[in-house]
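Chemist: can't give you the sequence, but here's the structure:
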């Protein structure tokens, strides 16, 4: 590695000092709830009397045997697969566009970011109206010639999930474009000018110059978006309540209903950890696939 | 590189263990130290914790005023009101009960009282029932196992609203109220032909805790029941059940499927001929300043001289958790909130047409208003869902079945059969536990 | 060069269209907040004057000012905390080898991946035990170091070329100097992004503030939820409240946006 680094002990001590804020917050506030939630998933808990009995893996078995859970997971996967690539691609394009010297750049940035800035609940309510049969989006779609379902976008099982996905993309694009823009800003100007002088094609410029600087940010963005998408809840809760016919029930919504409407906290915890495992595996695969750690090891 | 790698595993484990140690120590520390909730305010008054759902500013003002008056008259108490949102409130309730930080007085929806009572979470209020029975109405959802567990605070029912302008159009000048279901279907069909300017009927889309309220009136009017006498089996799969579900499923053909709020709006805009809704819609209509002519009528009969005009009744109840700290004080507060004048103010603020207090219901404001009178008549003939501890689950199964039939995923017979299967499974699991 | 300008003009036009499409729902919301119609629909401003009173109402019917201040205080505290604390943590996770590094990293990822709903019961109990229920501490302190920020800093630091640090070491700089004087300025755009992200997350946070606070420490998103009542949504007031809830975030964003741009010069000079 490098020469002249301090003795091991001091090195470790400094490292621990550096990470102490996170270590403390983690230990005090998050380890206990995490452990408690994990514990809940192995018991059958009666919230009104506070009594609980150990049931081992019965909750997990119930989760894995429940068709509705798998359906919810399926919807979540569809949601994620449908929104993450689209959001990422659009965000990259938007970031590239916003990086150019166009007039009113600051205004554009603020404008595209505005949907993200508004509270999700409110945005969901706005879209709830716009998607309805009396709403403008419905009328617009009919006017364009899109096949509009009889019952409005959110009440037809075929279009409900897609409608929520479109809304999610709408909210998220500006946000991720901002992240990518930050990544693009770290590209040294000389490199770009060099390439222009040498007459490199736009694609070549993108691959050789832009991409290396964009990549870490994109990796971060995709992982974050993945984790967020797998936990999509608020929009469903506000707009469709998991319907129609369970078409928009996502994993977290399923967990929520089990825990807070059926008061079955044991099952809800178990389902949450199954979901957690799924997200963890996917994130891990992503890390390995894109050799996330390479930036550190080199 | 290699040297560092072989040395990694042990220090890593040590570090991780250390962290766990810190965490567990923190847990142990907090579980031992730290107390319960604060019992008294700084000036020595006892705190009563009251959790309630009326968060809309206009209504909240009534609650605040009632509470302030209570504090004035009972200066040894200080009431801490916690607002619960309609959508998320139960999350906080679950967290509170699970964490053993229960409030002293809590507002519960009529659907939930039985479940809480069955699990032993509420204080027995049968003596209160004895005192209040004469003056107040709406006790059914609070009675379970020969005891009373909650006090009625706000009750409401559902009636049919009719857009008289459209009715005149459809019926050629006359606008009598339909007496049988068939008339509704017929007139609605004529109106829906002109969509999207107007629709004949407002069909509730799948909305948890709302859809079933639009089905039960038909089921009960046809003489059907959800559960049998001793709540041991599902009774939906009957002729009455078929009749009711058949009609509700058919409404999708001549009506517009939308969520409750959207249907209310459509009616206020004058685009809906018939709409089954509650008294809040009347408030909305008045506030919108519409020039539309409208009227209300009770649930029609299935057929001439067959069945009854039964509607759904539900509401909000005041309950006292058994593990609360100030049960006697909470009861005092509950009695205060149920005073005539506070019930009156609550009804005016919420637009409620069916006050729980019988004398308030006789006030001209309610008794002499043509629309509110219909509500009062209707609630006299309304029923509440069966008081089963797992009602919330049964309700979900019921809504599932209705949705299947509404969206034509299953035939009416099949939907009823499968719903009954689910309900029987729930009943069975309740017996076993 | 004129070819470039022409292309950029087309880009501008395209972006304008996109922007119009994107902003339409928001415009509808603005109109709704001023609408005299009870359902907050479009209205003709020449026939019916906009109801500015909707905004005034907010402060009359509930302690909206208090909620606004609560949100602001918590958001500022948490953002400042994250900017200060996430950087050393992220740096250490990216650059230094030490015992427990993996654990802390995966714990950060883990906290993000667990659905929040299962954590609210123990958090509720724990916060009560600390005596922090319905105080701003409850919704600020546990979130002072956000795993999201840690991961962001880590990925930002990992692309800073090692030569920069090695050169500094050869110059005799200690670890603190390297972190704060050399690496941090390079990562300024990432820190700006972190600040905006954390501010937005905290400002818009609903679940934990709802569960852990009552009337005194309530924040704006929870207050917004109060407008959905038994009988439907009070749209004009909800939208007005949402507007008030959004404007500070836009201001913060506009401010930090310049920081991101400033990153160009900082990053370029370092070569």
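Modeler: Arrived safely. Keep in mind that what you see is a predicted model, and the values were worked out from it rather than measured.

Chemist: ok, and the closest non-adjacent residue to residue B:95?
Modeler: residue C:124 (4.1 Å; CB to CB, 6 or more residues apart in numbering or on different chains). Where C-beta positions appear, they are placed from N, C-alpha and C, glycine not excepted.

Chemist: and the one you found, helix, strand or coil?
Modeler: Of the three states, residue C:124 takes helix under DSSP: H, G, I helix; E, B strand; the rest coil.

Chemist: and it, how many neighbours?
Modeler: 24 (other CB atoms under 10 Å in any protein chain shown).

Chemist: pLDDT score for it?
Modeler: At residue C:124, the model reports a pLDDT of 89.

Chemist: which residues touch it?
Modeler: B:95, B:96, B:98, B:99, B:101, C:211, C:212 (CB atoms under 8 Å, 6 or more residues apart in numbering or on different chains).

Chemist: ok, 10 Å please
Modeler: Taking CB atoms under 10 Å, 6 or more residues apart in numbering or on different chains, we find residue C:124 in contact with A:33, B:91-92, B:94-96, B:98-99, B:101, C:133, C:138, C:208, C:211-212.

Chemist: need those in a markdown table with neighbour count, secondary structure and distance to residue B:268, can you?
Modeler: Formatted as a markdown table, the contacts of residue C:124 follow (neighbours: other CB atoms under 10 Å in any protein chain shown; DSSP: H, G, I helix; E, B strand; the rest coil; distance: CB to CB, whole Å):
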| residue | neighbour count | secondary structure | distance to residue B:268 |
| --- | --- | --- | --- |
| A:33 | 23 | helix | 45 |
| B:91 | 22 | helix | 31 |
| B:92 | 22 | helix | 32 |
| B:94 | 22 | helix | 35 |
| B:95 | 23 | helix | 37 |
| B:96 | 23 | helix | 37 |
| B:98 | 23 | helix | 41 |
| B:99 | 20 | coil | 42 |
| B:101 | 19 | coil | 42 |
| C:133 | 20 | coil | 41 |
| C:138 | 25 | helix | 41 |
| C:208 | 20 | helix | 37 |
| C:211 | 25 | helix | 35 |
| C:212 | 24 | helix | 38 |
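
Chemist: which one of these is nearest residue A:208?
Modeler: Nearest to residue A:208, judged by CB to CB, of the contacts of residue C:124 is residue C:208 at 44.7 Å.

Chemist: what segments of the stretch 51-200 of chain A are helices?
Modeler: With DSSP state H, counting those that start in this stretch as the criterion, the stretch 51-200 of chain A has helices at A:58-65, A:67-99, A:105-117, A:120-131, A:136-144, A:160-185, A:189-197.

Chemist: out of those, which comes closest to residue C:251?
Modeler: Closest to residue C:251 of the helices of the stretch 51-200 of chain A is helix A:105-117 (CB to CB; 9.9 Å).

Chemist: how far does the closest one sit from the chain's center?
Modeler: With CA atoms, centre = their mean, to the nearest Å as the basis, helix A:105-117 stands 20 Å off its chain's centre.

Chemist: pick out the residue of the stretch 101-250 of chain A closest to chain B.
Modeler: Nearest residue of the stretch 101-250 of chain A to chain B, counting by CB to the nearest CB: residue A:243, 3.8 Å away.

Chemist: secondary structure element for that residue?
Modeler: Under the criterion DSSP states H and E, no helix or strand holds residue A:243.

Chemist: got a list of what it touches?
Modeler: A:154-155, A:157, A:160, A:236, A:249, B:205-208, B:211, B:259, B:399, B:403, B:407.

Chemist: run the last query once more with 7 Å
Modeler: residue B:206 (CB atoms under 7 Å, 6 or more residues apart in numbering or on different chains).

Chemist: over to it: give its phi and psi.
Modeler: Backbone torsions of residue A:243, given as degrees, to the nearest 10, read phi -90, psi -170.

Chemist: roughly how far does it sit from residue A:204?
Modeler: 50 Å (CB to CB, to the nearest Å).

Chemist: now residue B:417
Modeler: Per CB to CB, residue B:417 is found 66 Å from residue A:204.

Chemist: same question, residue B:336
Modeler: 79 Å.

Chemist: of these two, which one has the most company?
Modeler: Legend: neighbour count by other CB under 10 Å for residue B:336 and residue A:204, higher for residue B:336 (17 against 12).

Chemist: which residue ranges of chain C form helices?
Modeler: Using DSSP state H, the helices of chain C run over residues C:2-33, C:53-61, C:64-95, C:101-113, C:120-130, C:136-140, C:147-157, C:162-170, C:175-177, C:184-186, C:188-204, C:207-212, C:220-225, C:235-269.

Chemist: do the fourth one and chain B come into contact?
Modeler: Yes. Using CB under 7 Å from any CB of the partner chain, helix C:101-113 reaches chain B at C:102, C:103.

Chemist: please name the residues that touch residue A:165.
Modeler: Counting by CB under 7 Å, 6+ apart, residue A:165 makes contact with A:79, A:82, A:83.

Chemist: ok, of these, which one's closest to chain C?
Modeler: Nearest to chain C among the contacts of residue A:165 is residue A:79, at 14.5 Å by CB to the nearest CB.

Chemist: can you give me the strands in chain B?
Modeler: For chain B, the strands defined by DSSP state E cover B:46-52, B:77-83, B:105-109, B:143-144, B:147-148, B:151-157, B:159-163, B:199-204, B:256-258, B:272-277, B:294-297, B:311-319, B:382-383.
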